[in-house]
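[1] This is a predicted model, with the sequence first.
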Amino acid sequence: MAMDEIVDGLSEVSCDVLVIGGGTAGPMAALKAKLKNPKANVVLLEKANVKRSGAISMGMDGLNNAVIPGYATPEQYTKEITIANDGIVDQKAVYKYAQNCYKIIEELDSFGIRFLKNENGDYAVKKVHHIGTYVLPMPNGETVKKALYRQLRRARILISNRYMATRLLTASDGRVAGAISVNTRTAEILVIKAKAVILCMGAAGRLGLPTSGYMFGTYENAANSGDGYAMAYHAGAKLANLECFQINPLIKDYNGPACAYVAGPFGAFTANNEGSRFIECDYWSGQMMLEFYNELLSGKGPVFLQLSHLHEKTIEEIESTLHKVERPTRGLFQQGRGTDYRKESIEMHISEIGFCSGHSASGVFVDEFARTTVPGLYAAGDMASVPHNYMLGAFTNGSVAGIDAMEFADNHDFAAFDAADVAKERDRVMAPTKREDGIPPNQIEYKARRLVNDYLQPPKVTRKFELGARRLSEVREDMEQRMIARNSHELLRALETQSILDCADMAAHASLYREESRWGLYHLRTDFPEKDNENWFCHTLLSKQNGKMTSEKRDVQPYVVPIADDEKDLYDKQRIRASA
Amino acid sequence: MPLASYQTSVPVVVDDAKCIADKGCTVCVDVCPLDVLRISDLTGKAFMAYDECWYCMPCEADCPTGAVTVNIPYLLR
């Protein structure tokens, strides 16, 4: 049988803990669950291949949020992240991360991942954030996935590659009962019963359309189509602060990071077309992105990452990192354009929008145990609501999720689900393969994402959002009635398109609900231009209630680390003021 | 609705002389995050079947014979 040919088949397996997504958080969650109870069955399900999947497919240059004794304290980090998020933070989860992450660094070190040390043998932590010092380079960062994979094999985790999860199964009392997935190369359905499920499915990175028009030239790994957000939504879980979009400063056209976290500590900085600094701090925040956006509009754009003033040796070091890890084709791109960092600055622009708690705060709501609002269902990494958690957050919170999920599985039996739910989902998944004629998934996806750019990109205008929602509902009708998939690869794209449209609807709904502006550019509403602490100093939670998309407010939980009044707006003071 | 195919120059290029897919190697096909590579029935060599590339590099980095080259897609070059 040829690859991609559609096979009509269904099988069922069961496990104690099912981890969906084998990028960063997922492998750590699976590993910790298995180590907690070595007799239990842990399955790691992955849409691509665990060896090279997710945001760190080609490794990572360093840790962006390492809380290392002697350099930073958990209290200081919690304070910084709270201020960077305009105060809308449940600190318990951030504080727990800050307390646990050093232990995870030591563990990663024992896996063979090295971290930069100075001549005294101490970690060489660098400052990029506004207040504290948390950036730690990884000299062999390209080996991260290999090191993780070795641990998974050693622990005998059952890995299933090339299965895309499409929906969660739940019991009548709402508890999670497993998941339904489809083989991306044969279209066969696999039902996985599980006592606990951990979602580690990454960002919703294929939401906005890159300005090049190239659909897969996204900032995030283009496989991260927001499937986790859509699955959590349909299972009844609550999603937090989805209006706090992810928007990043990236190399223009290449659409990857430049990257200020690597070059900044060596003296590189963001400059306007006069070569002048205009922001105090290159750490990615909504407030910083707003100044970036304002500079582009002011006539002082384009905006550049300036490093030509640095010493040759320094540039060489930066170059070797940028062209070796995370996005190594950066080197090829610059070479093709004839851009030499010694002579020219790197032209930057603003990325497409997405959901990602790795850099912003939009994610499936979780508490400090990585528990979602659905019993037995966990989430970690870029898709869970712990803000600004980056790679180390994915590892640390993945670890928390793995341990707690196994405890849950040890104390519960399988939940019963309705067989009719499986039959219904199978029909939904296979529908595009049953049509003789229709619209291919790539066109439906392109149109949806073009509409996201046209109507949902900040600054957010109410009238535009209303129009956008209407246009998107027309695309949804086409998707549900007319989309075709002629082989299993097209079916994979067709299913991803459904996640993308779900995320677009959620982005519109959440943005219209919060009637104020907050988080700089991430939620800049033209009709409500001011921050309104009286009415909107709260989280928003979006969920499916009786089949309808609904939003509600949730109080910010009492702080663990108090923030003084004169510290609250530190991130609002991003613009460099002319000094006398 | 009738469908037409759409011309596109793909970023991943495979050197057939170096590719050993005909001897059973499937490394590049296995590791691709977007699952866009396939082995040709005609030549027995790997090729890019779907223009959905993130220009991320695992195919090139993991190829045991150095047969795979990733280029920047034309639209953003």
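    Looks like it arrived, so ask away. Numbering: from 1, shown residues only, chains lettered A, B, ... in the order given.

[2] Residue numbers of chain B in contact with chain A?
    When proximity is defined as C-beta under 8 Å from any C-beta of the partner chain, chain B approaches chain A at B:1, B:3, B:30-35, B:38-39, B:41, B:49-50, B:52-58, B:61-62, B:70-73, B:75-77. No exception for glycine: its C-beta is placed from N, CA and C like everyone else's.

[3] Of these, which belong to strands?
    B:Arg38, B:Ile39, B:Val70 (DSSP state E).

[4] can you pull the contacts of the closest residue to the second one other than its chain neighbours?
    The shortest distance from B:Ile39 to any residue that is not its chain neighbour, by C-beta to C-beta, 6 or more residues apart in numbering or on different chains, is 4.7 Å, and that residue is B:Ala21. By C-beta atoms under 8 Å, 6 or more residues apart in numbering or on different chains, B:Ala21 lies in contact with B:Val29, B:Ile39, B:Gly44, B:Lys45, B:Ala46.

[5] change it to 7 Å
    By C-beta atoms under 7 Å, 6 or more residues apart in numbering or on different chains, the contact list for B:Ala21 reads B:Ile39, B:Gly44, B:Lys45, B:Ala46.

[6] Could you identify the buried members of the residues of chain B next to chain A?
    B:30-35, B:38-39, B:49-50, B:52-58, B:61, B:70-73, B:76 (16 or more other C-beta atoms under 10 Å in any protein chain shown).

[7] So which of those belong to helices?
    Using DSSP state H, the members of these that fall in helices are B:Asp30, B:Val31, B:Pro58, B:Ala61.

[8] Tell me which two of the residues you listed sit farthest apart.
    Pairwise distances across these (C-beta to C-beta) peak at 12.9 Å, for the pair B:Asp30 and B:Ala61.

[9] how close does the residue nearest the centre of chain B sit to A:Glu319?
    Per C-alpha atoms, centre = their mean, the C-alpha nearest to the average position across chain B is that of B:Met48, at 3.1 Å. Going from B:Met48 to A:Glu319 by C-beta to C-beta, to the nearest Å gives 28 Å.

[10] right, and the helix or strand after the host helix or strand of A:Asp505?
    Per DSSP states H and E: A:Asp505 is located in helix A:488-513. Next helix or strand after helix A:488-513 toward the C-terminus (DSSP H and E): helix A:533-536.

[11] The helix holding A:Asp505 close to chain B?
    Yes: applying C-beta under 7 Å from any C-beta of the partner chain, one finds helix A:488-513 in contact with chain B at A:His489.

[12] Point out the other helices and strands that that helix packs with.
    strand A:163-170, helix A:227-234, helix A:419-434, helix A:441-451, helix A:462-482, strand A:538-545, strand A:548-555 (3 or more C-beta pairs under 7 Å, 6 or more residues apart in numbering or on different chains; DSSP states H and E).

[13] which of those is buried the deepest?
    helix A:227-234 (a mean of 25; mean count of other C-beta atoms under 10 Å in any protein chain shown).

[14] what comes into contact with that helix?
    Outside helix A:227-234, the residues that touch it by C-beta under 7 Å, 6+ apart are A:21, A:164-165, A:167-168, A:199, A:201-202, A:204, A:239, A:355, A:364, A:372, A:379, A:383, A:496, A:499, A:502-503, A:506, A:544.

[15] Return the helix or strand in chain A with minimum mean pLDDT.
    helix A:260-263 (a mean of 86; mean pLDDT, DSSP states H and E).

[16] packing partners for that helix?
    helix A:312-322.

[17] What residues sit buried inside the helix it packs on?
    A:Thr314, A:Ile315, A:Glu317, A:Ile318, A:Glu319, A:Thr321, A:Leu322.

[18] who's in contact with the fourth one?
    A:Ile318 sits next to A:Val262, A:Ala263, A:Phe266, A:Leu307 when contact means C-beta under 7 Å, 6+ apart.

[19] ok, the third one to chain B distance?
    Taking C-beta to the nearest C-beta, to the nearest Å as the criterion, A:Phe266 is separated from chain B by 24 Å.

[20] need the contact list for that residue.
    Residues in contact with A:Phe266, defined by C-beta under 7 Å, 6+ apart, are A:Leu310, A:Thr314, A:Ile318.

[21] Setting aside sequence neighbours, what's the nearest residue to A:Asp109?
    A:Phe115 (6.4 Å).

[22] can you give me phi and psi for the one you found?
    phi -120, psi 140 (degrees, to the nearest 10).

[23] Number of residues surrounding it?
    21 (other C-beta atoms under 10 Å in any protein chain shown).

[24] Need the mean per-residue confidence for the host helix or strand of A:Ser399.
    Per DSSP H and E: A:Ser399 is located in helix A:390-411. If you average the pLDDT over helix A:390-411, you get 98.

[25] Please spell out which residues along it are buried.
    By neighbour count on 16+ other C-beta under 10 Å, the buried set for helix A:390-411 is A:390-406, A:408-409.

[26] tell me the pLDDT at the closest residue to A:Glu352 other than its chain neighbours?
    The shortest distance from A:Glu352 to any non-neighbouring residue, by C-beta to C-beta, 6+ apart, is to A:Gly208 (2.8 Å). You'll see A:Gly208 listed with a pLDDT of 98.

[27] and the gap between A:Gly208 and chain B?
    A:Gly208 is 15 Å from chain B, by C-beta to the nearest C-beta.

[28] Let me know whether A:Arg493 touches A:Ile444 as I believe.
    No: with contact taken as C-beta atoms under 7 Å, A:Arg493 and A:Ile444 are classed as non-touching, separated by 9.3 Å.

[29] want to try JSON lines for the ones in helices among the buried ones among the residues of chain B next to chain A, with pLDDT as columns?
    Listed next are these as JSON lines, based on pLDDT from 0 to 100:
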{"residue": "B:Asp30", "pLDDT": "98"}
{"residue": "B:Val31", "pLDDT": "98"}
{"residue": "B:Pro58", "pLDDT": "97"}
{"residue": "B:Ala61", "pLDDT": "97"}
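
[30] which of the residues in stretch A:85-96 are buried?
    So stretch A:85-96, judged by 16+ other C-beta under 10 Å, has buried residues A:Asn85, A:Asp86, A:Gly87, A:Ile88, A:Val89, A:Asp90, A:Gln91, A:Lys92, A:Ala93, A:Val94, A:Tyr95, A:Lys96.

[31] correction: stretch A:56-75
    Neighbour counts over stretch A:56-75 (16+ other C-beta under 10 Å) mark A:56-68, A:71-75 as buried.
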